[in-house]
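>>> Build me a model from this:
(3 chains)
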Amino acid sequence: MSDMRRVVVTGVGVLSPLGDSAAALHRALCEGSSHLAPVEGFAVEGLPTNRAVELRGFDPARYLGEANFRPLDRTGLLAACAARLALDDAGWTGDAVMQGELALLVGTMFGSVRTIAEFDRRGLEAGPLYVKPFDFANSVINAAAGQTAIWHHLRGPNSTVSAGTASGVQAIALGADLVAEGRVEVAIAGGAEELCWESFVAFSRAGMVANGDGTPRPFDVRRSGFALGEGAAFLVLESAEGAAARGARVLAEVLGHGAAFDPSQGSDEKSGAAAVARAVKLALAHAGLQAEDVSAVSAAASGHPRADAAEARGLATALGMSVATVGVTAPKGAFGECLGASGALQAAALVAAMEAGELPGTAGFTAAAPGFPLWSISTTPAPLDLAVGLVDGVGLDGPCCALLLGRSWT
Amino acid sequence: MTAAPQPRRVAVTGIGVVTPLGVGRETFWRALLAGESGIAPVTSFDTSRFKVHLGAEVRGFDAAPWCRKLRPEELGRASQMAVAAARMALADAGLAPETLDPERTGVAMGTTSGEPLEIEQFNDTFFGAGRDALDGALATRYPCHRIPGQVAAELGFAGVNVMLPNACAAGNYAVAFARDALRGGRADVMLAGGADSFSRITYTGFARLGAITTDCCAPFDGERKGMVPGEGAGVLVLETLEGARARGARIYAEVVGYGLSCDAHHMTASHPEGEGPARAMAQALADAGLAPEDVDYISAHGTGTPTNDKLETLAVKRAFGDVAKRVPMSSVKSMLGHTMGAASALEAAVCCLAIADGRVPPTINYRHPDPECDLDYVPNEAREVPVRVAMNNAYAFGGANASVLFAAAAE
Amino acid sequence: MTGSLNGGTVTAKGFQMAVIDDDGIRDKVKRIIFNVTRIPVEKIGDDASFRQDLELDSLSLLEIGVDLDYEFQLGLEDLEQRLGDLPTVGDVVGFVRQRLAERAVA
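Numbering: from 1, shown residues only, chains lettered A, B, ... in the order given. Reported below is the predicted structural model:
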């Protein structure tokens, strides 16, 4: 559309075991310390590993003040807290939010599979009279989005976005479209996902969790699976004019995005790579950029043997010659596979990396297999003039979404 | 971002449905106009421990004929119904999937619960064979994005693919998303709709809230007692109006606008003044450049619960003013039950068919006037009425509201 | 088999509950209200009304009702209707006392 507006990022909220701000997340990624540890939140028995990247000591009152949190489940609380941090970071508070019609886009893979499963178990054990009404309200996949909207009075379009592990990136893309097309002035877009027993068991039994000591090794020749993580992150997106008019600090610009699907649903590496490449090329075309304009990539690679290979091949195809020079980091080596929140955490970390002018290393990565199509995977933090960053969202079973962020021009 | 040409117009050219009233557009529309009910005692699980027993199940559905590439037993039930509805919709549009450009064809779907039967299976295994017998299905079959994924995989589509699980307003969100993808030139053909499967989880929850009726589903009736959980899938084929005309396609309607809002009030209770829904309706009208008096038919959310129907009536009056009483507004949930994530997709199909056919379906079981529900609900009998513009309203848990406007495609 | 998973443990309750007096019932009722609302027990008046004084919505009220029914094993098929007839904490205490007495006789 000819009257498309520029979309800027004016705030970032992060809730992760690695930190509760974009800057803290970036620092932790650069430090490379491991947050992988035995799970404390639930009992793990009879599975190959008991380790994950778990958010411990999460106290919602720290972010939301003292209140009754009982009607919310963990996913809802993660989302509400990260949204609070994002709004605060952007300077959106009080009446401005109440009077506005802010959009909310929440990427998630499960919402809360724990809440639904517990609701059902209660019915099976105690009888249908004794199921919990609060749990039923949270059993819908969009519960976290609804709870977050209630908490912060977000009265605009309210959508949950599920595209597997690409959900967070897809949610930001949708939020950017709503702002670009003038449907809303402000969109809070990102993702939230909890670590829970149900998904831990399922991903372990599906053979997707890293074996041995559970260390995830994105892109590495020895990779055997991912580590599950959890967290939430949101970007506050608004029009460039709107941000300027209210004197907001601009952290980055959303330059473009692209989405594609792998009809083999992850079973065929070539088909998967083609989808990754197409999403990146669409994002470049949307942004009016060339591959050589990209200075760094935050990859979706998690340590999943097939998905990492498809992503590497797809990125190499889309980036062409510049694959030799572009810096590639895979933060899931540190914060784990946070499913629907992953893409939002990647985007948040990249915004901070742009500001810091430093690209983090990739935890767990030592060496790629001979002939691996990506050449410049970072192992240690390196100074980098990060003008244009690519956030890559790659689903394990088909959906791909790529997002291009530009450094603030101010 | 690069400048693009004038937004493209978006047409609905295909309809595919799997419903408690039968499979396929013709069966569905005939039954709705005849005022038939798809509501009956639940058969898919034992309701003897409940005081309510009615459900709107899709009976005797066989996914095998619709799965030519995928193996139906590897799909969850909602995915199966979605794949069937998608194939039907394409056939209805006169489009062979293999003739479409896969990279320019996308899928947007909605749902309330995704594949809840997978969670039930997980728990049944846990309580039965024990935790060592649990498998990985919750990671592979359960996630709700598998529904649009399986549709695209079955049909070979490689364009944008997304699930917008916005509960009972999800189908409308999917149609809105698809419209924007087409308008913005991000796809040339989009499948958009919703799917949900009947589950003891959903049923138990609504039963506990006391929301399920004990006799019949009678939206807007003075003695209405509640809703009826159901299941199904509805898929629309959306394409550019230009493309549809160029290939001489039958055009049911044009998608001319939408409005999305959130109550930000309560998870399960609507705003007491219908503020959010009224805002979504007003936005949809503004988006389409239409006025309330332009609307000839409203497909109501109309669940049949005392509160919903009262507040919905209030919201329509708030958005439409004096015009409200003159617009026929019916609830097909009186016949289909509440098919959850499929509901607003099926109701979008109803809007398109009303425009194409010049008839609107009734609200059945309407016997007693309610002073608080005083609009024209098309009681009990279908009506012949020229419909140029139809509004589809849907409201969800979490306070998400969505109104989509369809119109006869004018030059 | 017990579903001791995530702290959401469900344990079946028996019916061999000791006879408890009014104070005991009142304490338990207030404890349950606290668990749902986080309103401190000492701030829940004996005759506080759920809607006006405690400002509870219907979902919270139903959550409390389910917990009460489970705690005292009242077996209320018509819980969601009955809650409307019990507008105050005192009404609930009286109702529970009456039901427990009926069951002791039966």
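>>> Hmm, A:S239 is touching A:V184, no?
No: using Cβ atoms under 8 Å, A:S239 makes no contact with A:V184, being 9.2 Å away. Where you see a C-beta, it was placed from the backbone N, CA and C, and this is true even at glycine.
>>> Give the residue spans of the stretch 151-300 of chain B that score low on pLDDT.
Within the stretch 151-300 of chain B, no stretch has pLDDT under 70.
>>> ok, which stretches of it are helices?
Applying DSSP state H, counting those that start in this stretch to the stretch 151-300 of chain B gives helices spanning B:170-183, B:200-208, B:241-246, B:275-288.
>>> okay, those helices in CSV with mean neighbour count and distance to A:L174 next?
CSV is the format used below for the helices of the stretch 151-300 of chain B (neighbours: other Cβ atoms under 10 Å in any protein chain shown; distance: least, Cβ to Cβ, whole Å):
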stretch, mean neighbour count, distance to A:L174
helix B:170-183, 30, 7
helix B:200-208, 24, 26
helix B:241-246, 17, 23
helix B:275-288, 23, 17
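>>> Format those helices as TSV; extra columns: distance to chain C.
Below are the helices of the stretch 151-300 of chain B laid out as TSV (distance: least, Cβ to the nearest Cβ, whole Å):
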stretch	distance to chain C
helix B:170-183	21
helix B:200-208	7
helix B:241-246	44
helix B:275-288	16
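>>> Which one of A:S239 and A:V184 is surrounded by more residues?
Neighbours were counted for A:S239 and for A:V184 using other Cβ atoms under 10 Å in any protein chain shown; A:V184 has more, 22 against 18.
>>> Tell me the pLDDT of the residue nearest to that one when sequence neighbours are not counted.
The shortest distance from A:V184 to any residue other than its chain neighbours is 4.4 Å, reached at A:A103 (Cβ to Cβ, 6 or more residues apart in numbering or on different chains). On pLDDT, A:A103 comes in at 98.
>>> Can you list phi and psi of A:A387 for me?
phi -90, psi -40 (degrees, to the nearest 10).
>>> Redo the helices of the stretch 151-300 of chain B as CSV? Include distance to A:G76.
Shown next, in CSV, are the helices of the stretch 151-300 of chain B (distance: least, Cβ to Cβ, whole Å):
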stretch, distance to A:G76
helix B:170-183, 18
helix B:200-208, 17
helix B:241-246, 41
helix B:275-288, 19
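>>> A:W151: which of the ones you listed is closest?
Among the helices of the stretch 151-300 of chain B, helix B:275-288 comes nearest to A:W151, with 15.8 Å by Cβ to Cβ.
>>> contact partners of that closest one?
Contact partners of helix B:275-288, identified using Cβ atoms under 8 Å, 6 or more residues apart in numbering or on different chains, comprise A:101, A:155, B:256-265, B:270-271, B:291-292, B:294-295, B:311-312, B:315-316, B:318-320, B:389, B:391, B:393, B:395, B:399, B:401-405, B:407.
>>> if you set the cut-off to 6 Å instead, what comes out?
With Cβ atoms under 6 Å, 6 or more residues apart in numbering or on different chains as the test, helix B:275-288 has contacts from B:256-259, B:261, B:263, B:315, B:318-319, B:395, B:401, B:403, B:405.
>>> now these as CSV including neighbour count and distance to chain C?
Converted to CSV, the contacts of helix B:275-288 look like this (neighbours: other Cβ atoms under 10 Å in any protein chain shown; distance: Cβ to the nearest Cβ, whole Å):
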residue, neighbour count, distance to chain C
B:V256, 23, 37
B:G257, 22, 33
B:Y258, 25, 29
B:G259, 28, 26
B:S261, 28, 21
B:D263, 27, 13
B:A315, 27, 19
B:R318, 17, 22
B:A319, 26, 25
B:Y395, 31, 16
B:N401, 32, 19
B:S403, 32, 25
B:L405, 25, 32
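>>> Tell me which two of the residues you listed sit farthest apart.
Maximum pairwise distance among these (Cβ to Cβ): 24.8 Å, between B:V256 and B:D263.
>>> now the residue nearest the centre of chain C, what's its secondary structure?
Here the mean C-alpha position of chain C is nearest to the C-alpha of C:L68 (Cα atoms, centre = their mean), at a distance of 2.5 Å. State at C:L68, reduced to three classes by DSSP: H, G, I helix; E, B strand; the rest coil: helix.
>>> how close does the closest residue to it other than its chain neighbours get to chain B?
Sequence neighbours aside, C:I32 is the residue nearest to C:L68 in space, at 5.7 Å (criterion: Cβ to Cβ, 6+ apart). The gap separating C:I32 from chain B is 17 Å, by Cβ to the nearest Cβ, to the nearest Å.
>>> Give me the pLDDT value at A:S378.
So A:S378 comes in at 93 (pLDDT).
>>> Report the contact partners of the residue nearest to B:H368 when sequence neighbours are not counted.
Ranked by Cβ to Cβ, 6+ apart and with sequence neighbours excluded, the top spatial neighbour of B:H368 is B:G222, at 3.4 Å. Residues near B:G222 by Cβ under 6 Å, 6+ apart: B:H368, B:P369, B:D370.
>>> helix or strand for the residue nearest to B:P379 when sequence neighbours are not counted, which one?
Nearest residue to B:P379 in three dimensions, chain neighbours excluded: B:Y366, at 3.8 Å (Cβ to Cβ, 6+ apart). For B:Y366, there is no enclosing helix or strand under DSSP states H and E.
>>> Quick one: neighbours of residue 396, just the number.
Let's take chain A. When neighbours are defined as other Cβ under 10 Å, A:L396 has 28 of them.
>>> looking at chain B here, not the other one
B:A396: 30 neighbours (other Cβ under 10 Å).
>>> And for A:E198?
Quick note: A:E198 (other Cβ under 10 Å) scores 26 neighbours.
>>> who's in contact with the residue in chain B positioned nearest to chain A?
Scanning chain B for proximity to chain A using Cβ to the nearest Cβ identifies B:G398 as nearest, at 2.3 Å. With contacts defined as Cβ under 6 Å, 6+ apart, B:G398 is in contact with A:N142, A:G146.
>>> Pretty sure it sits in a helix.
Yes: per three-state DSSP, B:G398 lies within a helix segment.
>>> Export the contacts of B:G222 to CSV and append columns for neighbour count.
Shown next, in CSV, are those (neighbours: other Cβ atoms under 10 Å in any protein chain shown):
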residue, neighbour count
B:H368, 11
B:P369, 13
B:D370, 17
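>>> which among these gets closest to B:G76?
Distances from B:G76 to the contacts of B:G222, taken by Cβ to Cβ, are shortest for B:D370, at 39.1 Å.
>>> Show the contacting residues for A:A369.
Contacts of A:A369 by Cβ under 6 Å, 6+ apart are A:V221.
>>> Now do it, the pLDDT please.
Looking at A:A369, its pLDDT is 95.
>>> now swap in the one 5 residues further on and tell me
Reading off the per-residue confidence, A:L374 sits at a pLDDT of 93.
>>> How about it: what's its closest non-neighbour residue?
Closest residue to A:L374 apart from its sequence neighbours, by Cβ to Cβ, 6+ apart: A:A312 at 4.4 Å.
>>> Next one: whichever residue of the stretch 251-400 of chain B sits closest to chain C from A:L104, what distance?
Closest to chain C within the stretch 251-400 of chain B is B:T268: 5.5 Å, counting by Cβ to the nearest Cβ. Between B:T268 and A:L104 the computed distance is 18 Å (Cβ to Cβ, to the nearest Å).
>>> So between those two, which is more surrounded?
A:L104 (31 against 21).
>>> For the more buried one, which residues count as its bridge partners?
Beta bridges link A:L104 to A:N158, A:I188 when assigned by DSSP bridges.
>>> in terms of contact, does it touch A:I150 like I think?
No: the pair A:L104 and A:I150 does not pass the contact test of Cβ atoms under 6 Å, sitting 10.5 Å apart.
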